[in-house]
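Participant: okay, sequence plus prediction incoming.
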Amino acid sequence: SQQGEEDPQALSIQEGENATMNCSYKTSINNLQWYRQNSGRGLVHLILIRSNEREKHSGRLRVTLDTSKKSSSLLITASRAADTASYFCATVLYNQGGKLIFGQGTELSVKP
Amino acid sequence: GAGVSQSPSNKVTEKGKDVELRCDPISGHTALYWYRQSLGQGLEFLIYFQGNSAPDKSGLPSDRFSAERTGGSVSTLTIQRTQQEDSAVYLCASVGGVNTGELFFGEGSRLTVL
């Protein structure tokens, strides 16, 4: 079973709306990261949040982490058509030397 | 180089043949990952190299899969006796250090086994 599971699997919104994606995980983590992937090729790192942090911002991105619920959310505000991509959360498992495990991803479609 | 480089970008092979996929990480990066991604799916962890430590091979799906990292730099993923279910995009990523955490991905090698 996957360490990280994103919800929803697919999300379709209009330009200008906010998009929220959730990630749940099973075991203790050192940090949690979000990545974006266009066209099924290389992934691009978006943001990293450490286990002792609760919220982090980067431009139009806001990430929260709730370690008691083993969950994280990624909020993209004022979405643009160019935000259309797949978004993955990834967790660095506690005490496993930095091994990074990815979830199944959320496919976001932003319609102009 | 400036980024992670993978070759070949596309490989079509016949069932039963061996293939080698190459990854050139960012110079100086100490850790290197291989992942596999089937169409429309998430990333499946395969193997992880960290410095001079023994690699974490826990994700390799069978003994037909192997990987090595020579001189702490270039890595090669070898798939022997390929099967149709091996068809996927194989992604390599490198990391600058344990404390940075951010993975830098290559564009992947798309393998098609006929």
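Facilitator: In hand now; what should we look at? Since this is a predicted model, take the numbers as computed values, not measurements.
Participant: what helix or strand is the residue nearest the centre of chain B on?
Facilitator: Residue closest to the average C-alpha location in chain B (C-alpha atoms, centre = their mean): B:W34, at 3.3 Å. Element membership for B:W34, per DSSP states H and E: strand B:31-37.
Participant: what does B:A93 give?
Facilitator: strand B:88-95.
Participant: just say helix, strand or coil for B:Q41.
Facilitator: Three-state call for B:Q41 (DSSP: H, G, I helix; E, B strand; the rest coil): coil.
Participant: contacting residues for it?
Facilitator: When contacts are counted by C-beta atoms under 8 Å, 6 or more residues apart in numbering or on different chains, B:Q41 touches A:Q104. Just so you know, the C-beta spots here come from the backbone N, C-alpha and C atoms, and that holds for glycine as well.
Participant: quick check: phi and psi at it.
Facilitator: Torsion angles at B:Q41 (phi, psi; degrees, to the nearest 10) stand at phi -110, psi 180.
Participant: likewise for the one 4 residues further on?
Facilitator: According to degrees, to the nearest 10, the main-chain angles of B:F45 amount to phi -60, psi 130.
Participant: what residues are bridge-paired with residue 43?
Facilitator: Let's take chain A. A:Q37 (DSSP bridges).
Participant: nope, chain B
Facilitator: B:Q37.
Participant: what number of residues are in the vicinity of it?
Facilitator: Applying other C-beta atoms under 10 Å in any protein chain shown, we find 26 residues neighbouring B:L43.
Participant: any idea how far it is from A:G103?
Facilitator: Separation of B:L43 from A:G103 (C-beta to C-beta, to the nearest Å) stands at 9 Å.
Participant: quick check: neighbours shared by the two?
Facilitator: A:88, A:90.
Participant: circling back to that earlier point, quick one: the strand holding B:W34 to chain centroid distance?
Facilitator: 5 Å (C-alpha atoms, centre = their mean, to the nearest Å).
Participant: the closest residue to B:S38 other than its chain neighbours bridge partners, please.
Facilitator: Spatially, and ignoring its direct neighbours in sequence, B:S38 is nearest to B:A88 (4.7 Å; C-beta to C-beta, 6 or more residues apart in numbering or on different chains). When assigned by DSSP bridges, B:A88 has beta-bridge partners B:L111.
Participant: tell me the confidence at B:A88?
Facilitator: Per-residue pLDDT puts B:A88 at 96.
Participant: ok, it to chain A distance?
Facilitator: Note on B:A88: its distance to chain A, by C-beta to the nearest C-beta, to the nearest Å, is 10 Å.
Participant: repeat that for B:V95.
Facilitator: From B:V95 to chain A the distance is 7 Å (C-beta to the nearest C-beta).
Participant: B:G101 versus the closest residue to that residue other than its chain neighbours, what's the distance?
Facilitator: The spatial neighbour of B:V95 that comes closest, neighbours along the chain excluded (C-beta to C-beta, 6+ apart), is B:A31 at 4.1 Å. Using C-beta to C-beta, B:A31 is found at 10 Å from B:G101.
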